[in-house]
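# pasted the sequence and its predicted model underneath.
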Amino acid sequence: MELLGYLENWGPSIKWWDENFPGHCMMGCFKESELLGIMKSYTSLNYGFSFFTKNPDPDQVGCGTEGAEGPCPEWDGENIYLAKSSKQDSIAINSGTTIDKPTSSIVGISEVVRMGRMHPDGPKRVKIVLGGWSDYARLASAANGVKAAKLYGKFVAQTFADGVDIDMEHLTPYNKMGEEWEGLISFITQLRIELDGVAKNWASNAKAKKASMQSTYDSLESWKKTNVKQYYQTNLNYLDEVIANPVPYLEISWTTRFNAFLPADNVWNYLTADSIVPTENYESDNEGLQLWPRAGEFIDTINIMAYDAGGIGINMETVLKNFVAISGDPKIAGKINIGFEPGEQAAGGVWEGLEADLKFAKFAVDNGYGGAMVWAANPSPVQAPTGATLCPQTAAALVPVLNPQYAWGAGSWTKCTSSGWWPGVMEEVAV
């Protein structure tokens, strides 16, 4: 069983400048001790978000010119972004990024991956998230899907992340503007090839990364070495363990909505008995049928967003059953995490409450599903003051229900200090 949390790379747990990190955390780095606390209950984390779009807009609600709709441009085919393209160092990775000169995005994500593996309570898996809906620029073609997959393979290779999460749960509107399903299917198919290649070169990449970091450290003046010692010595030691440990399984996960698989004769079968029945179907109904027959074999985990739906009540047990019955895949159940969003929700959604979440999680355990997902592991107390308290409380309450375990074997990792660093690093000398 898995307990997955989404990490928001914004808010008070992020620092936006640090002279002692390569790239100075211009795209944000987690405050080390706070991140360890955020990670505590989870067996895996998804780091969100990276983008195709040059202008992510969380208020965008679709494609067009009315209200909060946006232009939904085609991806430029060159860059993966971690912020608006107008911001300095916003490009996370492109064809010119090398392991010797990492972007600030790669440095920040690599540190989350490292602290996941070195967590004092035992290792956590960490994947990179490709978002999303409002934050989306269209792939528009199978050729772009292949190009994007190659870049995400490189992204994983240079951060040593555990894979990629594809958070695209509203593709139907974009498909009206281009071949969006063709793009996504080719992306997933090629990504599996790329990740398998990354796995084959895992140790050699880690050796190259260590050699580059050692060379950089050795070239520094003595006073600067003292200032950056924690970062460099910790990472040099950690990379030794990356080299020595078995290669982790590099995962592809897909985050979708509760209506991805529905019976044709009753698309509202998941509504609770006391729920209203909407007058119009959701445009995204049955999106899973577009994807699963052609790319499902390459998807290791499905995270179901059973939230952000105002005015309706969702029976999550029925949602889980729909995914199994309508997909026609007898192996799909073990891949599925049911998703919860305690506290504030978008689109007028209302949290069903802790008791209901624990009940649905117990149903997942008893019926062979994969686990549970929480959005988010670290909600901002400014944007989501209730969720900032309820999300960690809910995650902690889910642990004894799920008894979650690290997936695919953890290897052997030194546990970091409560400050996030290698034990005794200040007494050691980098050589």
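The structure has been received and is ready for your questions. Numbering: from 1, shown residues only.
# and the closest residue in space to A309 that isn't next to it in sequence, what's its pLDDT?
Leaving aside its sequence neighbours, A309 sits nearest to G349 (C-beta to C-beta, 6 or more residues apart in numbering; 5.3 Å). Where you see a C-beta, it was placed from the backbone N, CA and C, and this is true even at glycine. At G349, the pLDDT value in this model is 96.
# my guess is W181 is in a helix, correct?
Yes - assessed by DSSP: H, G, I helix; E, B strand; the rest coil, W181 belongs to a helix.
# measure it to Q290 for me?
5 Å (C-beta to C-beta, to the nearest Å).
# by neighbour count, which bits of the least confident helix or strand in the chain by mean pLDDT are buried? Give me those.
Taking mean pLDDT, DSSP states H and E as the measure, the chain has helix 172-175 as its least confident helix or strand, at a mean of 86. Residues of helix 172-175 classed as buried by neighbour count (16 or more other C-beta atoms under 10 Å): P173, Y174, N175.
# show me where this structure has its helices.
Applying DSSP state H to the chain gives helices spanning 32-39, 104-117, 142-159, 172-175, 180-200, 202-218, 222-244, 288-295, 316-327, 354-366, 385-402.
# and V242, what does it touch?
The contact partners of V242, by C-beta atoms under 8 Å, 6 or more residues apart in numbering, come to F160, W202, A203, A206.
# now I109
Counting by C-beta under 8 Å, 6+ apart, I109 makes contact with Y47, A92, V126, I128, T159, A161.
# what's the distance between the nearest residue to the first one once chain neighbours are set aside and V228?
When you say that, I think you mean Y47. Residue nearest to Y47 in three dimensions, not counting chain neighbours: L7, with 5.1 Å by C-beta to C-beta, 6+ apart. Computed as C-beta to C-beta, the L7 to V228 distance reads 25 Å.
# more neighbours, these two?
Set L7 next to V228 and count neighbours by other C-beta atoms under 10 Å: L7 wins out with 25 against 18.
# that one contacts P379, correct?
No - with contact defined as C-beta atoms under 8 Å, L7 does not reach P379; the gap is 10.6 Å.
# and the contacts of V242, which of them are buried?
If we count by 16+ other C-beta under 10 Å, the contacts of V242 have these buried: F160, W202, A206.
# quick one, grab the pLDDT at the first one.
F160 carries a pLDDT value of 98.
# doesn't A206 make contact with it?
Yes - using C-beta under 8 Å, F160 is in contact with A206, at 6.9 Å.
# need the contact list for the closest residue to P278 other than its chain neighbours.
The shortest distance from P278 to any non-neighbouring residue, by C-beta to C-beta, 6+ apart, is to I312 (6.6 Å). By C-beta under 8 Å, 6+ apart, the contact list for I312 reads L271, S275, I276, P278.
# which of those residues has the most neighbours?
Most surrounded of the contacts of I312: other C-beta under 10 Å gives L271, at 17 neighbours.
# any idea what that one is bridged to?
Note on L271: beta-bridge partners by DSSP bridges are I314.
# you'd agree it is up against M316?
No - using C-beta under 8 Å, L271 makes no contact with M316, being 11.5 Å away.
# on that earlier part again, can I get the contacts of I312 in a markdown table including distance to T301?
Below are the contacts of I312 laid out as a markdown table (distance: C-beta to C-beta, whole Å):
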| residue | distance to T301 |
| --- | --- |
| L271 | 26 |
| S275 | 28 |
| I276 | 32 |
| P278 | 29 |
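# which among the residues you listed gets closest to E221?
P278 (65.2 Å; C-beta to C-beta).
# any idea of the pLDDT on the closest one?
96.
# list phi and psi for it.
Backbone torsions for P278, taken as degrees, to the nearest 10, come to phi -60, psi 150.
# what residues does it make contact with?
So P278 contacts W268, G311, I312 (C-beta under 8 Å, 6+ apart).
# swap in Y249?
D162, G163, D300, A407, W408, G409 are the contacts of Y249 under C-beta under 8 Å, 6+ apart.
# out of those residues, who's nearest W422?
D162 (20.5 Å).
# against S380, how distant is the closest one?
Taken as C-beta to C-beta, the span from D162 to S380 is 25 Å.
# who has more neighbours out of those two?
D162 (27 against 16).
# tell me the bridge partners for the residue nearest to the more buried one when sequence neighbours are not counted.
Distance criterion C-beta to C-beta, 6+ apart; nearest residue to D162, sequence neighbours excluded, is R125 at 4.2 Å. Going by DSSP bridges, R125 is paired in beta bridges with S44.
# what about R125, neighbour count?
When neighbours are counted by other C-beta under 10 Å, R125 comes out with 24.
# how close does it sit to H119?
From R125 to H119 the distance is 11 Å (C-beta to C-beta).
# check N201 too.
Taking C-beta to C-beta, one finds N201 at 26 Å from H119.
# neighbour count winner among those two?
Under the neighbour definition other C-beta under 10 Å, N201 and H119 were set side by side, and H119 has more, 20 against 12.
# quick check: the residue nearest to D162 touching Y406?
Yes - between R125 and Y406 there is a contact under C-beta under 8 Å: 6.7 Å.
# so what sits against both of these two?
With C-beta under 8 Å, 6+ apart, R125 and Y406 have common neighbours T43, S44.
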